[in-house]
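# turn this into a structure:
(one chain, ligands or ions: 3)
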Amino acid sequence: MSGQDKVWIFDTTLRDGEQALRASLSHKQKIQLAHAIARLNVDVMEVGFPVSSPGDFESVHSIATQVKGPIICGLARAVSADIEACGQALANAERRRIHTFIATSPLHLQYKLRRTLEQATEQAVAAIQLARRYTDDVEFSCEDAGRTPIDDLCRIVEAAIKAGARTINIPDTVGYTIPNEFARIITDLRNKVPNIDQAILSVHCHNDLGLAVANSISAVQAGARQIECTVNGIGERAGNCSLEEVAMIIKTRPDILPFYTDIKSTEIYRSSHLVSQICHMPIQPNKAIVGENAFAHSSGIHQDGVLKAQNTYEIMSPEQVGIRQNELNLTSRSGRAVIQHRLSEMGYTSEDYNLDEIYKAFVTLADQKGRVFDYDLEALVFFQNLQDTNEPYKLEFLSSSTHTGHVASATVGISINGQTHTEAATGNGPVEASFQAIQRIVGTDVKMVDFNLQAKGSGEDALGQVDIIAEHQGRRYHGAGLATDIVRSSVLAYVHVLNLIERSKQVDAAKQARRLSESQTEK
Ligand SMILES: CC(=O)SCCNC(=O)CCNC(=O)[C@H](O)C(C)(C)COP(=O)(O)OP(=O)(O)OC[C@H]1O[C@@H](n2cnc3c(N)ncnc32)[C@H](O)[C@@H]1OP(=O)(O)O
Ligand SMILES: CC(C)C(=O)C(=O)O
Ligand SMILES: [Mg+2]
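Ligands and ions are numbered 1, 2, ... in the order given. Sure, this is the predicted structure:
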């Protein structure tokens, strides 16, 4: 990575992230998450606020004892009791950091702390000096820095560095700033604070206006070298800067961002899903990097492009973030290219099906179901192979209704050699009513011997496959029908039987004609 500056990744999922949860995490859950975050290879992980409760103290203590790799950090107000609890909780860590903070904006000073900036500065200096007794690695944050006049900020930052803080964190606590404004704060600090080179400048952005990631990246461009963030961006209110987003921005755009992080990006997907699951915080499908749709392509033109060259529509590969492969969603916006690709992945060759016919059936099904799955496609191929397009009987329309406590009724339209016939009937259920209507149309004596209904797929929108065994003039026929509506599947299965009967009549007639011509030839 020569010629590139490292950006430190400070993860605060277990501290700021945890603040956002409806219920605190258990000790065991925190340990599990801490291991996952360490696997991401973050530089620092802030894992709690030890003074806040005996449980939090214990979690920080256990993580500091067990989790190796990153620097383990705890948060403390600029209060002796907080610093002491933090120092004790972190005692077993291989490398430990105490993070202390005080608010610096006029609003917070006046209403929350009821102190002047000078008093807050004195309190911060004392806290940093106390923290230095526990570790050389002390971080100081100016809470609500985003709304602090720059000269006030410069004054307290200079005093904090002098007191021994080695990282100066600039939080946009309420997510108020916009990128060039926030970058300006970093530039001003670098230009105006005489001892600024003795500390690493860090940023901690909140997402109230959806700008946490943009502000963090702008700050790095202005000279910050540590980003505080959380997995999935969880945190107070609208959350914090998202770890996976900043890590992948820096990885994906080295052309304009000459920086690197040590994040192991292939761990991103796994840790993101673990955080979501343990914290009961679902990931929105369109969430950058880790959302269900982040690497899914739904429209035909995109799918065709991705099949030809992945980077036509992917600026990073799913493998880079630990997703095995991209997903090509099959919807009514998909085209032939992706259907052919999927079928070939399932082992079908182009001789096994007629692409145009399958595509027509696919689009109809996709309109009904929204999304078509592999097993649906497979069923379409199966049914295409079962049906002959020149069949004499075709289902033209079907309408059925049921009312609890009343007989069901159905109206069925069947075309026979191109001419449509319609009948209505009643029955104990919509399937029986439809079958009665068909009987009236065709007049053929068909006796149902067996009826089997099977769901193809697992969701509410699963296709229903109906298989029937029917008897006609001593012969048995197997008919099958597939549709999202099971009455329709049943009627299609019946129509299939009628076509098989018709075909066997034709075969019989052909045999008889052959026999006749053979016997005439013999004479
Ligand atoms: C921006 C952030 O995310 S900051 C971190 C926020 N996280 C948390 O608050 C979670 C952990 N917090 C807690 O468990 C509790 O709030 C505790 C243990 C810290 C304090 O509990 P309590 O003593 O009951 O105080 P309470 O929470 O009601 O109020 C906070 C007090 O801390 C003071 N305070 C706030 N920030 C600081 C600070 N950085 N340094 C010193 N004092 C501070 C407030 O002025 C207030 O003091 P007051 O009661 O004298 O007015
Ligand atoms: C404690 C500080 C860093 C914080 O979380 C904030 O200001 O948002
Ligand atoms: Mg915060």
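
# downstream neighbour of the helix or strand hosting K360 in the secondary structure list?
In this assignment (DSSP states H and E), K360 forms part of helix 355-369. As assigned by DSSP H and E, the chain's next helix or strand after helix 355-369 is helix 374-386.

# name the residues that touch that next one?
Contacts with helix 374-386, where a contact means C-beta atoms under 8 Å, 6 or more residues apart in numbering, come from 330, 339, 342-343, 346, 348, 352-354, 357-358, 361-362, 365, 369, 456-457, 463, 465, 480, 482, 496. C-betas here are computed from N, CA, C, even on glycine.

# now do the helices in the stretch 401-523 of the chain.
Using DSSP state H, counting those that start in this stretch, the helices of the stretch 401-523 of the chain run over residues 430-442, 486-522.

# list the buried residues for the longest one?
So that's helix 486-522. 486-502 (16 or more other C-beta atoms under 10 Å).

# same thing with the first one?
By 16+ other C-beta under 10 Å, the buried positions in helix 430-442 come out as P430, V431, E432, A433, S434, F435, Q436, A437, I438, Q439, I441, V442.

# closest to ligand 2 out of the helices of the stretch 401-523 of the chain?
helix 486-522 (55.2 Å; C-beta to the nearest ligand atom).

# other SSEs contacting the closest one?
Secondary-structure packing of helix 486-522 (3 or more C-beta pairs under 8 Å, 6 or more residues apart in numbering; DSSP states H and E): strand 393-401, strand 408-416, helix 430-442, strand 447-456, strand 463-472, strand 475-483.

# just to revisit the earlier point, of all the helices of the stretch 401-523 of the chain, which one comes closest to D11?
helix 486-522 (50.7 Å; C-beta to C-beta).

# save the buried residues of helix 430-442 as JSON lines, and put in pLDDT too.
Below are those laid out as JSON lines (pLDDT from 0 to 100):
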{"residue": "P430", "pLDDT": "95"}
{"residue": "V431", "pLDDT": "95"}
{"residue": "E432", "pLDDT": "94"}
{"residue": "A433", "pLDDT": "95"}
{"residue": "S434", "pLDDT": "96"}
{"residue": "F435", "pLDDT": "95"}
{"residue": "Q436", "pLDDT": "94"}
{"residue": "A437", "pLDDT": "95"}
{"residue": "I438", "pLDDT": "95"}
{"residue": "Q439", "pLDDT": "94"}
{"residue": "I441", "pLDDT": "95"}
{"residue": "V442", "pLDDT": "93"}
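
# model confidence over whichever strand or helix holds F10, on average?
If you go by DSSP H and E, F10 is part of strand 8-11. Mean per-residue pLDDT for strand 8-11: 98.

# show me what secondary structure element comes after it.
That would be, after strand 8-11 and using DSSP H and E, helix 18-19.

# ok now that following helix, how far from the chain's centre?
Chain-centre distance of helix 18-19: 22 Å, with C-alpha atoms, centre = their mean, to the nearest Å.

# how about it, does it reach ligand 1?
Yes: using C-beta under 6 Å from any ligand atom, helix 18-19 reaches ligand 1 at Q19.

# please see if that helix touches ligand 2.
No: shown here: helix 18-19 not in contact with ligand 2 (C-beta under 6 Å from any ligand atom), separated by at least 7.9 Å.

# mean confidence for that helix?
Mean predicted confidence for helix 18-19 is 94.

# residues contacting stretch 468-479, please?
Contacts of stretch 468-479 (C-beta under 8 Å, 6+ apart): 444-452, 467, 480, 490, 493-497, 500-501, 504.

# what's the answer for stretch 488-503, then?
Here stretch 488-503 has contacts from 386-388, 391-395, 398, 412, 414, 431, 434-435, 438, 442, 444, 446, 451, 453, 463-468, 470, 472, 477-483, using C-beta under 8 Å, 6+ apart.

# show me which of the residues you listed are buried.
Among the contacts of stretch 488-503, the ones that count as buried (16+ other C-beta under 10 Å) are 387, 392-395, 398, 412, 414, 431, 434-435, 438, 442, 446, 463-468, 470, 472, 477, 479-483.

# number of residues surrounding the closest residue to ligand 2 within the stretch 251-400 of the chain?
Ligand 2 sits closest to C279 of the stretch 251-400 of the chain, with a gap of 17.1 Å, by C-beta to the nearest ligand atom. If you count neighbours by other C-beta atoms under 10 Å, C279 ends up with 21.

# V79 - nearest residue in space that isn't next to it in sequence?
A127 (7.0 Å; C-beta to C-beta, 6 or more residues apart in numbering).

# and the pLDDT for the one you found?
98.

# wait, it touches E84, no?
No: the criterion here is C-beta atoms under 8 Å, and A127 misses it with E84 at 10.6 Å.

# which of the two has more neighbours?
A127 (26 against 17).

# state the helix or strand in which that one lies.
Assigned by DSSP H and E, A127 falls in helix 117-132.

# helices or strands next to that helix in the packing?
strand 71-77, helix 80-89, strand 96-103, strand 138-143, helix 150-163.

# show me what counts as buried in it.
Buried residues in helix 117-132 (16+ other C-beta under 10 Å): L117, A120, T121, Q123, A124, V125, A126, A127, I128, L130, A131, R132.

# could you report the neighbour count for the closest residue to G87 other than its chain neighbours?
Once flanking residues are discounted, G87 sits nearest to Y134: 3.2 Å by C-beta to C-beta, 6+ apart. Neighbour count for Y134, taken as other C-beta under 10 Å: 20.

# OK, contacts around Y134?
Applying C-beta under 8 Å, 6+ apart, the residues near Y134 are I83, C86, G87, L90, A91, R96, I98.

# equivalent analysis for D208, please.
Applying C-beta under 8 Å, 6+ apart, the residues contacting D208 are V174, G175, Y176, R237, A238.

# switch to 10 Å and redo it
By C-beta atoms under 10 Å, 6 or more residues apart in numbering, the residues touching D208 are D172, T173, V174, G175, Y176, E236, R237, A238, G239.
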